[in-house]
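Just the structure for this:
(one chain, ligands or ions: 2)
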Amino acid sequence: MNVILLGAPGAGKGTQAINIAEQTGLTHVSSGDLFRAALRDGTELGQKAKAFMDRGDLVPDNIVIDMIMERIGAPDCAKGVIFDGFPRTVDQALALSDVLQRNNQAIDAVLYLSVDQEILLKRISGRVTCKNCGAVYNIYFTPTSQPGICDRCGSDQLYQRSDDNEETARNRLDVYFHQTTPLIDHYREQGTLHEIDGQGDIAQITHAMVQAIGANSGH
Ligand code: AP5
Ligand code: MG
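Ligands and ions are numbered 1, 2, ... in the order given. Sure thing, here's the model as predicted:
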């Protein structure tokens, strides 16, 4: 079973992917997290991606596709993957369906999280992430119970992403509308698209998403 999360920057892909992975056993693969880890580790991949990410532009397709292909070849992905932030262009989508087809697999569901545009910037500017476990919070909407302490793992390593400043965030939204929204129609035509309202209670959104996955898997 393979599931794609589609949605604008700040739509809640990462937040929901963590919950869905916990509830379904799928492995969470986030292209943005992989780039950020490569950057932290000082690898060549991280260096290549950095300038694009700092501007809020997409990293070139060949670099992203190679990275994802390597990741999904790992043993923990054999049970199925929830893709977060990939694919983001039609070429990335075609590369993914090609490799899945060669392995007798398919994309079982594409969950498109829709959120009003004016909310996205506030979500992005208020986001803090736990360096230790990856949990995501928001100073305006979903703060931690104790200031500066992760509810999930107790770490005090909460940080703000460097691309969450207003200028970069505006470009990320622009890039999303130009380069990624064509995927909505692409997957709608394939009959795998579920549109989910990404506003409201986080647990209820997770519930709707898990139900949509269940419907597609025939459970
Ligand atoms: P990436 O890391 O994927 O960032 P993104 O797509 O911009 O998405 P975000 O992570 O900003 O948002 P999200 O949807 O995960 O929202 P979250 O759950 O955190 O990519 C970063 C960069 O890497 C790109 O700009 C690009 O350069 C490069 N890149 C990555 N993948 C690539 C690819 N495939 N091709 C080319 N380049 C690529 O939630 C946001 C906030 O809202 C949080 O604070 C959260 O607490 C809050 N929130 C979530 N849900 C709710 C809710 N229901 N109510 C209230 N608040 C909520
Ligand atoms: Mg994310």
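
Going by C-alpha atoms from here, please, whenever you check contacts or count neighbours.
OK.

What strand or helix carries Y112?
strand 109-114 (DSSP states H and E).

Tell me which strands that strand pairs with, and in which orientation.
Its sheet considered, strand 109-114 pairs with strand 2-7 (parallel), strand 193-197 (parallel) by DSSP bridges.

just the ones you listed: most buried one?
Most buried of the strands paired with strand 109-114, by mean neighbour count (mean count of other C-alpha atoms under 10 Å): strand 2-7, with a mean of 24.

Give the next helix or strand downstream of that one.
helix 13-24.

where exactly do the helices run in this structure?
For the chain, the helices defined by DSSP state H occupy 13-24, 31-40, 44-55, 61-72, 90-102, 117-125, 166-175, 182-190, 202-217.

Contacts only, for C77.
L26, T27, R71 (C-alpha atoms under 8 Å, 6 or more residues apart in numbering).

residue farthest from the centroid of the chain?
Q146 (26.2 Å; C-alpha atoms, centre = their mean).

for the strand holding Y112, the distance to its chain's centre please.
Relative to its chain's centre, strand 109-114 lies at 11 Å (C-alpha atoms, centre = their mean, to the nearest Å).

Just want the angle from that strand to helix 182-190.
140 degrees (axes from the mean of the first three to the mean of the last three C-alpha atoms, to 10 degrees).

hang on, the earlier thing: between the contacts of C77, which is nearest ligand 1?
The nearest member of those to ligand 1, counting by C-alpha to the nearest ligand atom, is R71 at 13.0 Å.
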